[in-house]
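# heads up, no residue letters with this:
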């Protein structure tokens, strides 16, 4: 056995504390089958790594003395050699620990604590099975675990061609899961299902579970770089396995050694607050690689968008074209009057005419005849507003990649500081150019939105945009895995059913959709949900499953550093008291706390503005009316705050015209006070708390 080696610098822990922290980390030498154990800093989570009777690597996890993950297999299936699943023995291990705090340049909170114990287990495959080396690196936090494969340089293998990854999660306790199917045509834009754990088929991550004893779990991944995203596939009973998003090359991942896979993560908490207020995936990503990112600008914005989504305007040129110079200036004027930082303009460039879905042929530098992009950006600059650019690809990245640099250079020249990208195509419908692995120049291939090729494309976009001091808001994206820590200009993305679905049918997003997103999709990272449809109606006057107060509560429940007020400006003007809230709610927070909620039912947050002493409280409800008693214990002691409250009016419900009923209240509150809030079916609330002088 190799001797232990400390991976983390000892400066993080004093000698006595370090010894105590590493006490649970031990290698148990058994004559036939050695195993490695490790524990989280508080000792509540215990990992065991071993091999089974077929010499297959396994891992298991217990929490508070109860088995959580039964022995589960590790390994890879290859396309060009003997699989890396059998014939392994543990050849050694190394341990370490860290306790540090780092700061986000923007986010749900300023300070993030990174506290873990870690162990790297070395596996060696027998000569009969190929003599390959494979390390598995585990980090154990008090609120979860992350682990990844680390493939070192080795004589037996230079390039790894992975048909699939066989990481297993054999979940022991029974419980309930909230999930969406993986590998479907509409990517991540699906309605969440609530089922027993053993009724899940193949799910996207994050997938959230509540066990019978109340423990909450979320399975996901972190630092998805140069690899395929994985789908959470049930194998049998409550045993799940990673299955990688497909590739046109056959092998789902091709990597030269050495390399590391993304981290496989499990958040573990006693309650929903512990699940939500958890920075596991962020901590497993590399620190900021961009240096000074003061040019990344959180903001509220409006846009020429909802009119096209509803069908009132068109992206294509013609009499109903949305993106005209005159309309852009109208929206810029509105943004300047109401304290919005940006205006999104879609459909300004050539390529929207005709059928572009799934095979776009856009120009990213040429405007339509009725849109003067220089005049518009000059006008915005004078008004103190920036344009949010738009790069829709129609799923054709082969064309986009040839124009990206020119498109970003134009935006930088014009003062555009953020770009919304889009990849509108069915699942598996990305048109990609050469992989540079022997294809002929000019060849194209069909890829998945979360396959290795598209994962690499998104990072290429983010890195190139950073060179032009531009932030990226990706729609039809690959899922968020915490890479905003490494690339802070990746400010937001879609990756779920957003507000747009409410334009396409009555109650298209049901009343429990947003209270479910909080505990599922939002565990991955910020979402550009585009709230603020105050008229509460989509196309053909179809109603939203929302009260007026819920539209305000969305700004606290669905976090993003860029937040839209999506409705027509003419409609926003009809709601001056609601706009008073939207015009002041921040998009960058010093603290964020879930102060009340249950998965799929409701969620109420308290968030502190990063730029002032003000607090904002609010959230969303499902179809069940309820009264919730909120505590103001998060406030600074000794101060009295003026609370301005927007809440559901008496008798409000999303089911009738009563959805427009809203009540207003002003009161004084201080630390230790409580407030009982009534939430309507499909309702919500918002509060602004300003400290007295």
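Structure received. Given the structure is predicted, the values throughout are model-derived calculations rather than measurements.
# what is the helix ranked longest in the chain packed up against?
Counting residues, the longest helix found in the chain (DSSP state H) is helix 397-414. In terms of contacts (3 or more CB pairs under 8 Å, 6 or more residues apart in numbering; DSSP states H and E), helix 397-414 is packed against helix 373-382, strand 386-392, strand 430-432, helix 452-467. No exception for glycine: its C-beta is placed from N, CA and C like everyone else's.
# how about those, which one is nearest residue 688?
strand 386-392 (25.2 Å; CB to CB).
# what strands flank that closest one, and is each parallel or antiparallel?
Paired strands of strand 386-392, with direction, are strand 342-345 (parallel), strand 418-422 (parallel) (DSSP bridges).
# hmm, back to that, how about the helices and strands packed on helix 397-414 in JSON lines, adding mean pLDDT, mean neighbour count and distance to residue 195?
Formatted as JSON lines, those follow (pLDDT from 0 to 100; neighbours: other CB atoms under 10 Å; distance: least, CB to CB, whole Å):
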{"stretch": "helix 373-382", "mean pLDDT": "98", "mean neighbour count": "17", "distance to residue 195": "48"}
{"stretch": "strand 386-392", "mean pLDDT": "98", "mean neighbour count": "25", "distance to residue 195": "35"}
{"stretch": "strand 430-432", "mean pLDDT": "97", "mean neighbour count": "24", "distance to residue 195": "30"}
{"stretch": "helix 452-467", "mean pLDDT": "98", "mean neighbour count": "21", "distance to residue 195": "29"}
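# between the ones you listed, which gets nearest to residue 634?
Here strand 386-392 is closest among the helices and strands packed on helix 397-414 (CB to CB), at 32.4 Å.
# angle of the closest one against helix 452-467?
Interaxial angle, strand 386-392 versus helix 452-467 (axes from the mean of the first three to the mean of the last three CA atoms, to 10 degrees): 150 degrees.
# turn the strands paired with strand 386-392 into CSV, including mean pLDDT, mean neighbour count and distance to residue 515.
Below are the strands paired with strand 386-392 laid out as CSV (pLDDT from 0 to 100; neighbours: other CB under 10 Å; distance: least, CB to CB, whole Å):
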stretch, mean pLDDT, mean neighbour count, distance to residue 515
strand 342-345, 98, 25, 27
strand 418-422, 98, 24, 26
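# now for the ones you listed, which one comes closest to residue 65?
Taking CB to CB, strand 418-422 is the member of the strands paired with strand 386-392 nearest to residue 65, at 47.5 Å.
# now find how far off-centre that closest one is within its chain.
16 Å (CA atoms, centre = their mean, to the nearest Å).
# name the surrounding residues that touch that strand.
Contact with strand 418-422 is made by 297, 299, 342, 344, 346, 386, 388-394, 408, 411, 461, 465, 470-477, 491, 528, 562, as judged by CB atoms under 8 Å, 6 or more residues apart in numbering.
# what do you get for stretch 313-329?
Residues outside stretch 313-329 that contact it (CB under 8 Å, 6+ apart): 304-305, 307-308, 312, 343, 345-348, 352-354, 368-372, 375-376, 379.
# just the buried ones among those, please.
For the contacts of stretch 313-329, a burial check counting by 16 or more other CB atoms under 10 Å picks out 304-305, 307-308, 343, 345-348, 352, 368, 371-372, 376, 379.
# from the residues you listed, which is closest to residue 596?
Using CB to CB, residue 305 comes nearest to residue 596 of these, at 32.3 Å.
# isn't that closest one right next to residue 565, touching?
No. Taking contacts as CB atoms under 8 Å, residue 305 lies outside contact range of residue 565: 10.8 Å.
# burial of residue 287, as a residue count?
7 (other CB atoms under 10 Å).
# please look at it and residue 104 and confirm they touch.
No. Residue 287 lies out of contact with residue 104 (CB under 8 Å); the separation is 10.7 Å.
# who's in contact with residue 177?
When contacts are counted by CB under 8 Å, 6+ apart, residue 177 touches 194, 195, 196, 197, 199, 200, 203, 207, 208, 209.
# how about it, phi and psi?
phi -130, psi 150 (degrees, to the nearest 10).
# roughly how far apart are it and residue 194?
From residue 177 across to residue 194, the span is 7 Å (CB to CB, to the nearest Å).
# just residue 297 next, same as before
38 Å.
# the two: which is more packed in?
With neighbours defined as other CB under 10 Å, residue 297 and residue 194 compare such that residue 297 has more, 19 against 15.
# packing partners for the helix or strand harbouring residue 46?
Here residue 46 sits within strand 45-51, counting by DSSP states H and E. Contacts defined by 3+ CB pairs under 8 Å, 6+ apart place strand 45-51 against strand 35-39, strand 57-63, strand 88-103, strand 111-125, strand 133-141, strand 144-151.
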